[in-house]
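> Sequence below, structure please.
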Amino acid sequence: MKLKAKIRELFASSAIVRFSKKCYDAMFSGIFGSFFTSYTPCNQLFENGIWGKGRNEKVGSWKDSGLSRIRRSAIVSYENSGILKALSLAKDWLLDSAIRLYGFFFMYFGICSLMMNFIKSFAFGEDLSNNSVWFIGLLMICLAFPMLFSSKTLAGSLGESVFFSLVLFKFLEFSEMNLKKYSFKSYGAKRYFWAAMSGAVLGCISYFISPLIISLAIASVIGALIVYNAPEVGVLFTVFVAPFLIFLGSPSILLAILILYTFICMCTKIFLGKLTIRLEISDIFISIFMLILLMGGLISVGGVASMQQAAIYVCFMFIYFMIVSLITTKGKLDRLIGVFVTSGTLTALYGLYQKISGNMEVGTMDKDLFSGIDGRITATFENSNMLGVFLIMVFPFALSYFFRSKKIYVKILSLISCGIMGICLIYTWSRGAWLGLILACFIFVLLYSHYIIPILIPTAVLGITVLWNKLGGSGIVTNLVDRISSIITMSDSSSVYRLGIWRGALKVAEEYWLTGIGIGSEAFRSVYIRFAESGIETAVHSHNLFLQIMIETGAIGLIIFTVAIILCIISALELIGKSDKDTASEKATCVAGVSALLAALLQGMTDFIWFNYRIFFVFWVVVAIMSTASRIGRKKALSKTEYDRR
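So this is what the prediction gives:
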């Protein structure tokens, strides 16, 4: 402990730490401090103003109103409906059934699907040598064999399984008591007959529909029932799968379906009185911005295309309200961040696989100036710049685990995740993403603890030296230097192209500064062509997030968006400035959120990052995580204050 104190004292006396401490203190004192810690007073003013007064009046008169009686009647009818009773009976039937019952189902499903594939292949001469049906059929039969010899119910097996207990009770926080009420019973042959018949029928249907699709449909129904009972599971699943929906085709449509269904389940809980929400001033400004986007789709020169894009924007922004309403505890927030980081790490791994396999993007770089670069990885985002902005939004949350966790294995996993995403970022060759990552790391260190700067600086110098010695001869370092220097010289064709687009886009913004032209690339294309410079008339967006918002929604939309983001940031900064040991975890999350958000906005200066719908989705996920951490931390601090007063 004495050695640790000596080291801390040595660091505290260094000029770098003294300078960073002055920056940190200046941020949370004086005019800046008053501004960065003003969220709670602003929110209290909002709650005590017209909104709070109107809400209190409604609550006071709600219980005896006619609408309340209608709502109670609707709730009773809904909870006593035949559909809910049938679903409850189906759930009890499935959980109370023996595992061998599922063995019969899988056995007949696998055998019949193989028979159908055999008929296709040998009776009708279809070439199915590479068909996945053979594998799926054999897999189902292999799964069925151990099930046939089990005497446990499904509920009992789930409760005793180490893996499922970890997932259901530890990760998803389902109640273990709900499974203990089911015990093994001896069933007649009738139930086994229907299980076998169901498997056989689905196996025969696989003649027309792939058994993989049938299996996914069954899993989707089960997942939908789980999300109905616990909408937060839908949030976790949606955040995790968002980058990978490209493999199923139409990723934006699939993501919209997941979000809408989860949102409907959440609204159902609110209607039934099982979930309460409390809006803050930042939520109101985000809601206003959603309304502006919707109006920008309805009133636009882009027609139907603008309406479709605005609808997707509004739908994807529902994720913000789902997260702040459903993720209300530290445990749930930690699980959401874990899912988010895992998704980002797997995406980066897939990007590195593209690098190794040579399957890279080659058409978006000046080959004359950067001839040493053989391509850019895109992973699941179809564009290297979009992959870059996704990774710089995930990276700070992965880094936060290293500082806030006391477990060694978590710190190691954090470093591995950061390393994978960092290497992947290099091979995107996205200069905007590199600058964003540098800014994110700087903001993270400054806000989290200025005492670690003396450690990070020599570590960074050592890392750069090792990189230069190990990779200097491979051309990677030379390519990195060339790409970074081109930011200053503006010598490559993409920089010249952006400058030309900005000049034309600024003319559009000047012409339509008040109302904007409407949402979407179709609206932009139809107006921009009248202001474009020669040779770059085909641009579909302005390559600048703020300029694009101004063009599409006018000055009002840009102002509302800016205010909403500033409110979310100062809510996080307020917690960071007043944090103590009890809110250390929430502080780390807020620091990561501010770092990720500012990094994305920096890259937004050179790219319209919302052009990819899934990046738009991830952007609001980051905003929601940051806001949620701030609310949980403030609630903890308030509870501690009330406890101390007692």
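> Flag the shaky bits of the stretch 501-646 of the chain, pLDDT-wise.
Scanning the stretch 501-646 of the chain for pLDDT under 70 picks out 579, 639-646.
> can you check the chain too?
Residues of the chain that meet the cut-off, pLDDT under 70, sit at 1-37, 49-67, 123-131, 161-163, 165-167, 169-189, 362-372, 450-493, 579, 639-646.
> Next, the spatially most central residue of it: secondary structure please.
What sits nearest the mean C-alpha location of the chain, by Cα atoms, centre = their mean, is residue 239, with 3.9 Å. For residue 239, the secondary structure call by DSSP: H, G, I helix; E, B strand; the rest coil comes out as helix.
> That one: what's it in contact with?
319, 336, 339-340, 343, 621 (Cβ atoms under 8 Å, 6 or more residues apart in numbering). Every C-beta, even on glycine, is put in place using the N, C-alpha and C of the backbone.
> Equivalent analysis for residue 333, please.
Residues in contact with residue 333 (Cβ under 8 Å, 6+ apart) are 327, 586, 589, 625, 628-629, 632.
> gap between the residue nearest to residue 541 when sequence neighbours are not counted and residue 540?
In space, and not counting its chain neighbours, residue 541 is closest to residue 608: 4.2 Å by Cβ to Cβ, 6 or more residues apart in numbering. Distance check for residue 608 against residue 540: by Cβ to Cβ, to the nearest Å, it reads 9 Å.
> Next SSE downstream of the one helix or strand residue 266 maps to?
If you go by DSSP states H and E, residue 266 is part of helix 251-271. Going down the chain from helix 251-271, the next helix or strand is helix 281-298, by DSSP H and E.
> any idea how far the helix or strand that that next one is followed by is from the chain center?
Using DSSP H and E, the next helix or strand after helix 281-298 towards the C-terminus is helix 304-326. Mean C-alpha position of helix 304-326 versus that of the full chain (Cα atoms, centre = their mean, to the nearest Å) differs by 13 Å.
> quick check: angle from whichever helix or strand comes after helix 304-326 to helix 304-326?
Next helix or strand after helix 304-326 toward the C-terminus (DSSP H and E): helix 330-357. Helix 330-357 runs at 130 degrees relative to helix 304-326, counting by axes from the mean of the first three to the mean of the last three Cα atoms, to 10 degrees.
> buried sites along helix 330-357?
Burial within helix 330-357, assessed by neighbour count using 16 or more other Cβ atoms under 10 Å, is assigned to 330, 332-352, 354-355.
> how near is the residue nearest to the centre of the chain to residue 108?
From residue 239 over to residue 108 (counting by Cβ to Cβ), the distance is 37 Å.
> do residue 583 as well
Distance, residue 583 to residue 108, by Cβ to Cβ: 55 Å.
> Neighbour count for residue 608 and residue 540, which is higher?
residue 608 (24 against 14; other Cβ atoms under 10 Å).
> Can you pull the phi/psi pair for that one?
For residue 608, the backbone dihedrals (degrees, to the nearest 10) come out as phi -90, psi 90.
> quick one: it and residue 546 touch, right?
No - assessed by Cβ atoms under 8 Å, residue 608 is found out of contact with residue 546, at 9.6 Å.
> Neighbours of residue 631, how many?
Burial of residue 631 is recorded as 20 neighbouring residues (other Cβ under 10 Å).
> Pull the contacting residues for it.
280, 324, 571.
> hmm, 7 Å instead?
Residues in contact with residue 631 (Cβ atoms under 7 Å, 6 or more residues apart in numbering) are residue 324.
> Give the buried residues for the helix or strand where it lies.
In the assignment (DSSP H and E), residue 631 maps to helix 613-645. Residues of helix 613-645 classed as buried by neighbour count (16+ other Cβ under 10 Å): 613-634, 636-637.
> what do you get for stretch 260-275?
261-263, 265-267, 269, 275.
> Looking at the residues you listed, which one is closest to residue 226?
Checking the buried residues of stretch 260-275 against residue 226 by Cβ to Cβ gives residue 265 as the nearest, at 10.0 Å.
> Give the full set of residues in contact with the closest residue in space to that closest one that isn't next to it in sequence.
Sequence neighbours aside, residue 231 is the residue nearest to residue 265 in space, at 4.3 Å (criterion: Cβ to Cβ, 6+ apart). Counting by Cβ under 7 Å, 6+ apart, residue 231 makes contact with 262, 265-266, 269, 326.
> again with residue 305
Contacts of residue 305 (Cβ under 7 Å, 6+ apart): 520, 522.
> ok, now residue 551?
Counting by Cβ under 7 Å, 6+ apart, residue 551 has contacts 505, 508-509, 512, 516-517, 524, 542.
> Please flag which of those residues sit within strands.
Residues of those located in strands (DSSP state E): none.
> Specify which member of these is nearest to residue 251.
Nearest member of the contacts of residue 551 to residue 251, counting by Cβ to Cβ, is residue 524, at 22.1 Å.
> Over to the nearest residue to the closest one once chain neighbours are set aside: give its phi and psi.
Distance criterion Cβ to Cβ, 6+ apart; nearest residue to residue 524, sequence neighbours excluded, is residue 541 at 5.8 Å. Dihedral pair for residue 541: phi -160, psi 180, per degrees, to the nearest 10.
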